[in-house]
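*Asks:* What follows is a predicted protein model with its sequence.
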Amino acid sequence: MTTHEQDAKTLELPWPFTGREDELDLVRRALAAGRPGIVVTGPAGRGKTRLVREAVRGLDCARVTGTPDTRDLRFAAFAHLLPDTVSLHRAVRLLSGLRLLVVDDAHLLDEASAALVHQLAVHGGTRLAVTATDGAPAPAAVSRLWTGELLPRLPLPPLPREDTDRILATAGLEPLTTGRLHRLCQGDLRLLRDLLGALHASGVLSAVPGGGGRAWRGPVPVTASVRERLAAVLDRPDADERETLHRLAFAEPLPLALDGLDLDVLERLEQEGLIGVDEHGSVSLAHPLHGPVLRATAGPLRARRLARTPDRCGPALTAERGVLERRLARHDVRAVPTPVGDWLLAEGLPVPGGYAAVRARYARLRGELREAAAWAREGLRAEPEDAGCRAELDLAVCQFGDGRGTGVWAAAARGDLGSALDRIAGDEVLALYDAVRLGAPERVAGRLPGDGVFARHADALARGDGPALDRAAGALAERGFLLFAAEAHAQAVPAHRDPRAARLSRTRALALARRCQGARTPALGALVLGELTARQRQIVALAASGLSNRQIAERLTLSVRTVGNHLYGAYARLGASDRGALPGLTDLPTAESA
């Protein structure tokens with residue numbers, strides 16, 4: 001077994017604070033004048049400390065931290081704020097003048113420090129920002145902060161996939177790798193950082209042909225931190241439990257039936273939350289990281305005895321593809337487990353083109369465009385002539401705003417909506433629905449199934465009914481069509497008569513669009529432009545018409561540097577890399593009209 005050391009250079013870089021907008025706003029409001037404060041809880045590594053640090057940035061505050069080595073020392077956490085010997089009563093008086101106190105890792109406080117924090121909360125003169133780890137034993141005075149309703153409690157949820165993607169964007173990883181890291185880490189940012197450092201250090205990241213970023217295939221690097229976190233799994237003293245865990249690990253991606261497994265052993269493992277049993281009586285490991293690490297740390301003889309050949313996954317892969325195809329036929333693309341395909345990918349094994357094309361289509365219709373393109377490339381790597389993968393790759397790339405090609409979305413990306421609409425043909429529902437997405441529902445009037453969500457969207461758009469468009473967007477999102485839902489909300493913005501309703505539609509559209517991995521469709525174009533300042537919109541329009549920075553500067557009587565700064569800010573908001581992407585990004589006004 002190889003234990004990978006952390007890449008110090010990588011790990012010294014600060015993680016960008018990403019996402020958590022709602023939670024950050026809630027914490028800031030809880031720390032406003034006249035409020036008592038808040039307790040933020042969650043598993044280790046979820047980002048509690050970073051959230052509170054961001055919330056109090058720029059505020060005058062005192063900070064204390066609990067540590068495991070000082071739990072027996074009286075007032076250890078407050079040593080820098082209090083005299084050497086002090087009573088609880090005097091400590092409260094000395095610190096009652098603090099306006100804001102940040103208490104990190106409160107579950108590790110010594111009893112005296114915990115009592116002091118509790119008394120400060122009771123007296124109410126000091127606002128408290130407290131973090132504590134779920135499941136860890138904590139002093140009673142700490143837990144009474146929220147159970148006694150002295151402070152509101154914010155259980156911090158896992159970081160969503162789209163925010164994980166944004167954090168990892170600077171690492172240049174391709175979408176399937178960021179997805180794998182997200183599944184393995186389950187929102188644990190410290191574990192994510194640790195694994196990313198190990199991947200850099202071990203040199204296993206390889207470039208994806210075609211500029212798709214860097215990919216990780218193969219075993220999980222077992223760092224010292226990973227070993228420590230998985231000690232409950234790796235260091236089982238009971239031989240039967242170890243054997244069962246390894247059997248389950250090497251059975252992945254398929255579960256094992258209860259038959260043939262020791263029920264007493266399974267019950268013990270289930271009580272500790274290490275395994276799960278589904279309604280069909282199949283047993284699997286509870287955490288997606290457990291299987292890869294158990295396989296990576298197994299000795300050669302055990303691995304040889306338990307390992308199975310990849311061909312056993314053929315029928316299971318076919319069944320998984322069938323589930324996705326049936327969902328697609330029902331126009332329902334909500335997320336479903338896909339363990340077999342994910343396992344093939346993680347192991348670096350060839351992914352059949354037919355399966356990859358279905359995964360790409362499913363991801364594209366969910367609005368996960370970069371993931372769709374990555375699955376299509378994966379299928380083409382195994383089967384270079386696969387027509388389904390080639391078509392899905394073209395569709396995904398065009399909806400990034402790439403105008404190359406001759407299809408509907410290539411023409412739309414070039415801003416030639418008339419030509420795009422003329423290319424819509426046939427009777428396939430989603431092909432007809434493209435006309436609705438492009439803002440021309442009259443082109444397919446009466447041709448969409450009358451009782452379906454696509455027809456309801458078309459009808460609402462044809463009538464210019466903002467509330468109905470929002471309802472259609474909600475129905476689309478419920479079925480997993482996040483990009484379509486974002487477009488429907490965006491179309492609702494100009495249709496609303498009530499400015500407040502228009503702002504709400506815009507907010508919803510933007511929130512959904514951010515989950516669509518860089519989609520640049522006409523319906524979203526005007527919406528995104530609305531995020532620019534008036535000057536940025538003017539300069540972007542001129543740049544899109546082909547003028548250079550110097551020509552724009554001369555026309556608007558600005559310096560060339562000012563023009564460049566405005567364009568740089570606009571690129572960041574629009575998700576464009578350079579001016580070449582601007583003409584196809586949206587239906588921009590012409591330079592003359594600007």
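*Replies:* Perfect, thanks for sending it. Numbers count the residues shown, from 1 in each chain.
*Asks:* Just give me the residue closest to the centre of this structure.
*Replies:* Nearest to the mean C-alpha position of the chain, counting by C-alpha atoms, centre = their mean, stands residue 161 at 1.5 Å.
*Asks:* And what about the residue of the chain positioned farthest from its centre, helix, strand or coil?
*Replies:* Computed with C-alpha atoms, centre = their mean, the maximum C-alpha offset from the centroid of the chain is found at residue 85, amounting to 48.6 Å. State at residue 85, reduced to three classes by DSSP: H, G, I helix; E, B strand; the rest coil: coil.
*Asks:* list the contacts for it?
*Replies:* Under the criterion of C-beta atoms under 8 Å, 6 or more residues apart in numbering, residue 85 has no neighbours. Quick note: C-beta positions are derived from backbone N, CA and C, even for glycine.
*Asks:* before we move on, what about the one 10 residues further on?
*Replies:* Under the criterion of C-beta under 8 Å, 6+ apart, the contact list for residue 95 reads 62, 78, 81-82, 101, 116, 120, 126.
*Asks:* so which two of those residues are the farthest from each other?
*Replies:* Using C-beta to C-beta, the contacts of residue 95 span at most 14.2 Å, a distance reached by 82 and 126.
*Asks:* Just want to know which of the two has more residues nearby.
*Replies:* Between residue 82 and residue 126, residue 126 has the larger neighbour count (other C-beta atoms under 10 Å), namely 21 against 18.
*Asks:* what pLDDT does that one get?
*Replies:* Listed pLDDT for residue 126 reads 93.
*Asks:* one step back: the residue nearest to the centre of the chain and residue 182 touch, don't they?
*Replies:* Yes - under the criterion of C-beta atoms under 8 Å, residue 161 makes contact with residue 182 at 5.2 Å.
*Asks:* Against residue 48, how distant is residue 182?
*Replies:* Distance from residue 182 to residue 48, counting by C-beta to C-beta, to the nearest Å: 19 Å.
*Asks:* Compare neighbour counts for those two and give me the winner.
*Replies:* residue 48 (25 against 22).
*Asks:* so who does the closest residue to residue 187 other than its chain neighbours touch?
*Replies:* Spatial nearest neighbour of residue 187, chain neighbours left out: residue 158 (2.7 Å); criterion: C-beta to C-beta, 6 or more residues apart in numbering. Each residue near residue 158 by C-beta under 8 Å, 6+ apart is listed here: 46, 186-187.
*Asks:* Roughly how far does residue 158 sit from residue 108?
*Replies:* Following C-beta to C-beta, the distance that separates residue 158 from residue 108 is 23 Å.
*Asks:* quick one, strands of the stretch 51-200 of the chain?
*Replies:* Counting by DSSP state E, counting those that start in this stretch, the stretch 51-200 of the chain has strands at residues 62-65, 100-104, 127-133, 153-155.
*Asks:* just these: most buried one?
*Replies:* Neighbour counts (mean count of other C-beta atoms under 10 Å) averaged over each of the strands of the stretch 51-200 of the chain peak at strand 127-133, with a mean of 25.
*Asks:* Whichever strand or helix holds residue 39 packs against which elements?
*Replies:* Per DSSP states H and E, residue 39 falls inside strand 37-42. Strand 37-42 is packed against helix 21-30, helix 48-55, strand 127-133, helix 140-147, strand 153-155, with contacts defined by 3 or more C-beta pairs under 8 Å, 6 or more residues apart in numbering; DSSP states H and E.
*Asks:* Of those, which is nearest residue 229?
*Replies:* strand 127-133 (13.1 Å).
*Asks:* And that closest one, what does it pack against?
*Replies:* strand 37-42, helix 48-55, strand 100-104, helix 111-123, helix 140-147.
*Asks:* Other residues contacting it?
*Replies:* Contacts for strand 127-133 (C-beta under 8 Å, 6+ apart): 27, 30-31, 35-44, 48-49, 52, 55-56, 61, 99-107, 117, 120-121, 138, 142, 145, 151.
*Asks:* what residues go with each domain of the protein?
*Replies:* For the chain, automatic domain parsing gives the domain ranges 21-155, 161-223, 230-308, 312-398, 425-524, 532-585.
*Asks:* Do you have the strands of this structure handy? List them.
*Replies:* Along the chain, counting by DSSP state E, strands occupy 3-4, 37-42, 62-65, 100-104, 127-133, 153-155, 206-207, 214-215, 222-223, 256-257, 275-277, 282-285.
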